[in-house]
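S.K.: no sequence for this one, just the structure:
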Ligand code: PEP
């Protein structure tokens, strides 16, 4: 019922030449592959979006931005407006990524404004939430994730469900080579769906896609995707090589029984 979602977050990687080269390889591999049950999304740096939009025209791949402001225009040095992103065919925006929270000090209040802002202009927020290692060790994982969800979604009151994506990204798993086990990810992701049904409704929560992110590779994707509340993945490091990301995107999906 929920379309699977595979998102490649390039972070601050790839020049225009590298973008063109990557997409050439990826599209070549994709060929006539049928990907009807899933969406594949690339999130390049802002400078590559216009080129990527041109190269991805008439392909099933879609674009995400790695951040966005809540206003259409104005005195917001260093920010990009959702309207500008729509001009270059962006459909999704990654928000609240742990690197934005921890390296650039983005607070839940700022993230909440961004989430509502991009939504208001018709883009789909991919809201990232997740605990640090200290928080996990202190047994605070669910508390932290619930707080982030409630605070970051506080301005987003009326949604349908298909128009929101949550990515559970434990900070200790991002770029470390240590992924959460399928059991750990499912535990938090089923909790996220429960919280979404409290915040919105059961009907809405059923339609929200919940991704897992943190050291996803072609080797661990199939185990992770067996979990009933893992609707896709947000991939950093392994999305930087076209061949690797392609393998992840075309992986077999066989859902297991709810735990
Ligand atoms: C990310 O950047 O969101 C991420 C999950 O990175 P990695 O796959 O490298 O852990």
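M.R.: Looks like it arrived, so ask away. Keep in mind the model is a prediction, meaning the values are calculated, not measured.
S.K.: alpha carbons only for contacts and neighbour counts from here, please
M.R.: Will do.
S.K.: give me every residue that touches residue 206.
M.R.: 161, 193, 197 (C-alpha atoms under 8 Å, 6 or more residues apart in numbering).
S.K.: And those residues, which is closest to the ligand?
M.R.: residue 193 (19.8 Å; C-alpha to the nearest ligand atom).
S.K.: Let me know whether that closest one touches residue 205 as I believe.
M.R.: Yes: the criterion here is C-alpha atoms under 8 Å, and residue 193 meets it with residue 205 at 5.8 Å.
S.K.: Can you give the distance from stretch 118-138 to the centre of its chain?
M.R.: 9 Å (C-alpha atoms, centre = their mean, to the nearest Å).
S.K.: what's the answer for stretch 197-217, then?
M.R.: That offset, for stretch 197-217, works out to 11 Å (C-alpha atoms, centre = their mean).
S.K.: Kindly report the same for stretch 5-21.
M.R.: On C-alpha atoms, centre = their mean, the centre of stretch 5-21 falls 14 Å from the chain's centre.
S.K.: and if you look at stretch 146-157?
M.R.: Taking mean C-alpha positions (C-alpha atoms, centre = their mean), stretch 146-157 and its chain are 16 Å apart.
S.K.: Ends of that stretch, what's the gap?
M.R.: 16 Å (C-alpha to C-alpha, to the nearest Å).
S.K.: could you pull out the strands for the stretch 101-250 of the chain?
M.R.: With strands called from DSSP state E, counting those that start in this stretch, the stretch 101-250 of the chain shows them at 124-129, 165-168, 209-213, 232-235.
S.K.: Check whether the longest one comes near the ligand.
M.R.: No: judged by C-alpha under 6 Å from any ligand atom, strand 124-129 and the ligand are separated, with a smallest distance of 8.2 Å.
S.K.: residues in contact with that strand?
M.R.: Strand 124-129 is contacted by residues 91-98, 115, 118-119, 145, 148-149, 163-170 when judged by C-alpha under 8 Å, 6+ apart.
S.K.: Wait, residue 232 touches residue 8, no?
M.R.: No: assessed by C-alpha under 8 Å, residue 232 is found out of contact with residue 8, at 11.1 Å.
S.K.: so what's in contact with those two at the same time?
M.R.: Residues touching both residue 232 and residue 8 by C-alpha under 8 Å, 6+ apart: none at all.
S.K.: which SS state does residue 94 fall under?
M.R.: Classification of residue 94 by DSSP: H, G, I helix; E, B strand; the rest coil places it in strand.
S.K.: May I see the contacts of residue 206 organised as a markdown table, with neighbour count and pLDDT added?
M.R.: As requested, the contacts of residue 206 are exported to a markdown table (neighbours: other C-alpha atoms under 10 Å; pLDDT from 0 to 100):
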| residue | neighbour count | pLDDT |
| --- | --- | --- |
| 161 | 19 | 97 |
| 193 | 22 | 98 |
| 197 | 16 | 98 |
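S.K.: Residue 202 and residue 234, how far apart?
M.R.: Applying C-alpha to C-alpha to residue 202 and residue 234 gives a distance of 24 Å.
S.K.: Same drill for the two, tell me which one is more crowded.
M.R.: residue 234 (28 against 15; other C-alpha atoms under 10 Å).
S.K.: Next, count neighbours for the residue of the stretch 1-150 of the chain found nearest the ligand.
M.R.: Nearest to the ligand, among the residues of the stretch 1-150 of the chain, is residue 9, at 5.8 Å (C-alpha to the nearest ligand atom). Residue 9 has 23 neighbours, counted by other C-alpha under 10 Å.
S.K.: Any idea what it is bridged to?
M.R.: With DSSP bridges applied, residue 9 shows beta-bridge pairing to residue 43.
S.K.: residues touching it, list them.
M.R.: Contacts of residue 9 (C-alpha under 8 Å, 6+ apart): 42-44, 66, 234-236, 239.
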